[in-house]
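A.B. asks: model the following, please.
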Amino acid sequence: MVPTADAYDVVVIGGGPGGYAAALYGASAGLSVAVVEKEKVGGTCLHRGCIPAKEFLETASVWRTVAHASEFGVNAGAAALDFSVSQTRKQKVVDQLWKGLSGLMKGRKITIVQGTGQLHPDRRVVVDDGTVLQGRHVILAAGSVPRTLPGFEVDGRVVLTSDEVLDLKELPATAIVIGGGAIGCEFASMMADLGTKVTLLEALPRLLPGCDADVVDVLARSFRRKGIEVRTGVTVEGHTPGPTGTTVRLGDGSELAAEAVVVSVGRRPLSDGLLAEGTDVAVDARGFVEVDAWMRTTAPSIFAIGDLVNTPQLAHVGFAEAIVAIKGILGEEAVPVDYSAVPWGIYCDPEVAFAGLSEDQARAAGHEVVVKKDPYGGNSRARILGETDGVVKVIAERRADGSAGRLLGVHMVGPWVTEQLGQAYLSVNWEATPDEIAQFIQPHPTLSESFGETVLALTGRGLHVG
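C.D. replies: Coordinates of the predicted model:
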């Protein structure tokens, strides 16, 4: 006998950023919505990812401030770190945000079902507690989990992923971080600032693959000054645990010893067990659910968003995809996400932020380009802060007369660049030209002046940038 199903306009499987954004946006438009979440709404981003990681990076920022306080005439004495206090504070921040999100969803009359949901034919969602939900539409937003490496089985003691690092009560004295992408760079930066001796390994020729080369060069130099040993173009073969740590074997035959190994080689879609037989939802060889530009799967009235699809694994991309999906359900005109120009933020020290094409990507795409760069060493606010490592780089299309046309990309590394990217992102996505953006009046003194100065220089009449 088939259990009786509760009916909704939209049933969402997964309560992470994409899932809860779809629920909130849909409910605000008058749709009846149910969300199936196996743990707590907020997903990986809130509970085991973005938010906890940034809290620890803020701990590292406070530590750096105290360490250099004497340069400002503030004699704070010898600093000491109690990482368990930061862990407690992290959990307090997470819990406050979770309660706020839960209250917001309750206020919009969104039904939350705790459990693991599976899509069955005819848009029926069966939860492992026996609950059955019927949706006129279903949005798949099951998220992702950390990838692992063969020979590096996660034990939570010596071999860690981001999940385990974010639960540590104390940091190891030495650590090997495998993977020089965004997650690896953030963990390496945080741990090194707080006293861990870090070696960062990346299989590709440089850190942050896909990021602009000039930005990566600045970050690599800053990492070396922190004492992080950066080794690129290296592979790992396995490791041999010992009484107090492990020894990692590299592809070139050498070995490295450390108390802990942090595996940060990306995340994989959590599509295992998500689909029952007969749903007609296509999944590719890597486990990603296949969708079109409007987030529609190969099955009618079934959508997929967030880390479950092969798009940038960023919480705010999940937000944008959720809106596209709900607009499609409502029959409204939806503008597909332009993935080539989404904003990226990497919260290591110094921070990295960018939108649009790097110089190499622009040239590879066939564009003739004009490029200007402004180091933060000439920015008065950066000098005041004592944080001058960094550069703003703007890539524009070269017009036939040699002048700079529409902006193709803006890439930044330096103090608080994740908070400065907004005007750059807007400029790239509006295909604005330097002549148009140069009309912006930048407040002085601010870090964001560097973007304005760089764009002004592209008009051929820069003030401080040639």
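
A.B. asks: wait, doesn't Asp338 sit right on Val428?
C.D. replies: No: at 9.5 Å, Asp338 and Val428 do not qualify as touching, with contact defined as C-beta atoms under 8 Å. The way it works is simple: take the backbone N, C-alpha and C, and place the C-beta from them, glycine included.

A.B. asks: these two - which one has more neighbours?
C.D. replies: A direct count of neighbours by other C-beta atoms under 10 Å for Asp338 and Val428 places Val428 higher, at 26 against 12.

A.B. asks: the more buried one against Ala362, yeah?
C.D. replies: No: in this structure, Val428 is not within contact of Ala362 by C-beta under 8 Å, at 11.4 Å.

A.B. asks: which neighbours do those two share?
C.D. replies: Leu408, Gly409 (C-beta atoms under 8 Å, 6 or more residues apart in numbering).

A.B. asks: ranges for the helices of the stretch 201-350 of the chain?
C.D. replies: For the stretch 201-350 of the chain, applying DSSP state H, counting those that start in this stretch gives helices covering 213-226, 315-330.

A.B. asks: give me whichever of the ones you listed is most buried.
C.D. replies: helix 315-330 (a mean of 22; mean count of other C-beta atoms under 10 Å).

A.B. asks: show the average pLDDT along that helix.
C.D. replies: Mean pLDDT, helix 315-330: 97.

A.B. asks: cool, and stretch 300-312?
C.D. replies: Stretch 300-312 comes out at a mean pLDDT of 97.

A.B. asks: quick one, strands of the stretch 301-450 of the chain?
C.D. replies: Here the stretch 301-450 of the chain has its strands, by DSSP state E, counting those that start in this stretch, at 302-304, 344-346, 351-356, 369-375, 391-398, 404-414.

A.B. asks: okay, Ala220: pLDDT?
C.D. replies: At Ala220, pLDDT is 96.

A.B. asks: I should have written Gly466 there, sorry.
C.D. replies: pLDDT, Gly466: 61.

A.B. asks: and if you look at Thr4?
C.D. replies: 59.

A.B. asks: export the strands of the stretch 301-450 of the chain as TSV, with columns for distance to Trp98.
C.D. replies: Putting the strands of the stretch 301-450 of the chain into TSV (distance: least, C-beta to C-beta, whole Å) gives the following:
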stretch	distance to Trp98
strand 302-304	24
strand 344-346	22
strand 351-356	26
strand 369-375	40
strand 391-398	36
strand 404-414	31
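
A.B. asks: with distance to Gly43 and mean neighbour count as extra columns, can I get those in CSV?
C.D. replies: Output for those, formatted as CSV (distance: least, C-beta to C-beta, whole Å; neighbours: other C-beta atoms under 10 Å):
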stretch, distance to Gly43, mean neighbour count
strand 302-304, 15, 27
strand 344-346, 18, 21
strand 351-356, 23, 26
strand 369-375, 37, 20
strand 391-398, 33, 24
strand 404-414, 28, 26
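
A.B. asks: so for Thr247, which of the ones you listed sits nearest?
C.D. replies: strand 344-346 (29.7 Å; C-beta to C-beta).

A.B. asks: surely Ala293 meets Val335?
C.D. replies: No: using C-beta under 8 Å, Ala293 makes no contact with Val335, being 9.5 Å away.

A.B. asks: next, count neighbours for Val309.
C.D. replies: For Val309, using other C-beta under 10 Å, the count is 24.

A.B. asks: and the average pLDDT for the helix or strand harbouring Met190 is what?
C.D. replies: Here Met190 is covered by helix 182-193, with elements defined by DSSP states H and E. Helix 182-193 shows a mean pLDDT of 97 in the predicted model.

A.B. asks: how many degrees apart are it and strand 351-356 in direction?
C.D. replies: Orientation check (axes from the mean of the first three to the mean of the last three C-alpha atoms, to 10 degrees): helix 182-193 against strand 351-356 gives 160 degrees.

A.B. asks: how does the protein divide into domains?
C.D. replies: 6-146+268-339, 159-265, 350-458 (automatic domain parsing).

A.B. asks: out of the ones you listed, which gets nearest to Val465?
C.D. replies: Val465 lies closest to domain 350-458 among these, at 3.9 Å (C-beta to C-beta).

A.B. asks: and the closest one, average pLDDT?
C.D. replies: 95.

A.B. asks: repeat for stretch 80-94
C.D. replies: What stretch 80-94 shows for mean pLDDT is 95.

A.B. asks: what's the answer for stretch 160-172, then?
C.D. replies: 93.

A.B. asks: outside of that stretch, which residues touch it?
C.D. replies: Applying C-beta under 8 Å, 6+ apart, the set of residues contacting stretch 160-172 from outside is 48-49, 52-53, 56, 83-84, 87, 90, 146, 148, 154, 156, 183, 187, 191, 194-196, 245, 258-264.

A.B. asks: next: stretch 74-88.
C.D. replies: Identification of contacts with stretch 74-88 by C-beta under 8 Å, 6+ apart yields 55-56, 59, 63, 66-67, 69-70, 167-171, 194-195.

A.B. asks: hmm, try it at 10 Å
C.D. replies: Applying C-beta atoms under 10 Å, 6 or more residues apart in numbering, the external contacts of stretch 74-88 come out as 52, 55-56, 58-60, 62-63, 65-70, 166-171, 193-195.

A.B. asks: of those residues, grab the buried ones for ChimeraX.
C.D. replies: Buried residues within the contacts of stretch 74-88, by 16 or more other C-beta atoms under 10 Å, are selected in ChimeraX with:
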select :52,55,56,58,59,60,63,66,166,168,171,193,194
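
A.B. asks: would Val154 count as being in a helix?
C.D. replies: No: looking at Val154 with DSSP: H, G, I helix; E, B strand; the rest coil, it is coil, so not inside a helix.

A.B. asks: quick revisit: out of the helices of the stretch 201-350 of the chain, which is closest to Thr298?
C.D. replies: Nearest to Thr298, of all the helices of the stretch 201-350 of the chain, is helix 315-330, at 14.8 Å by C-beta to C-beta.

A.B. asks: dump the closest one to PDB, restricted to CA.
C.D. replies: What follows is helix 315-330, C-alpha atoms only, in PDB (Å, rounded to 0.1, in the frame of the first residue of the first chain):
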ATOM      1  CA  ALA A 315      26.900  29.400  -1.800                       C
ATOM      2  CA  HIS A 316      25.900  32.600  -3.600                       C
ATOM      3  CA  VAL A 317      25.800  30.700  -6.900                       C
ATOM      4  CA  GLY A 318      23.300  28.300  -5.200                       C
ATOM      5  CA  PHE A 319      21.300  31.400  -4.100                       C
ATOM      6  CA  ALA A 320      21.200  32.600  -7.700                       C
ATOM      7  CA  GLU A 321      20.300  29.200  -9.100                       C
ATOM      8  CA  ALA A 322      17.500  28.900  -6.600                       C
ATOM      9  CA  ILE A 323      15.900  32.100  -7.900                       C
ATOM     10  CA  VAL A 324      16.200  30.900 -11.500                       C
ATOM     11  CA  ALA A 325      14.500  27.600 -10.600                       C
ATOM     12  CA  ILE A 326      11.700  29.300  -8.600                       C
ATOM     13  CA  LYS A 327      11.000  31.900 -11.300                       C
ATOM     14  CA  GLY A 328      10.700  29.000 -13.800                       C
ATOM     15  CA  ILE A 329       8.200  27.300 -11.500                       C
ATOM     16  CA  LEU A 330       6.200  30.500 -11.300                       C
END
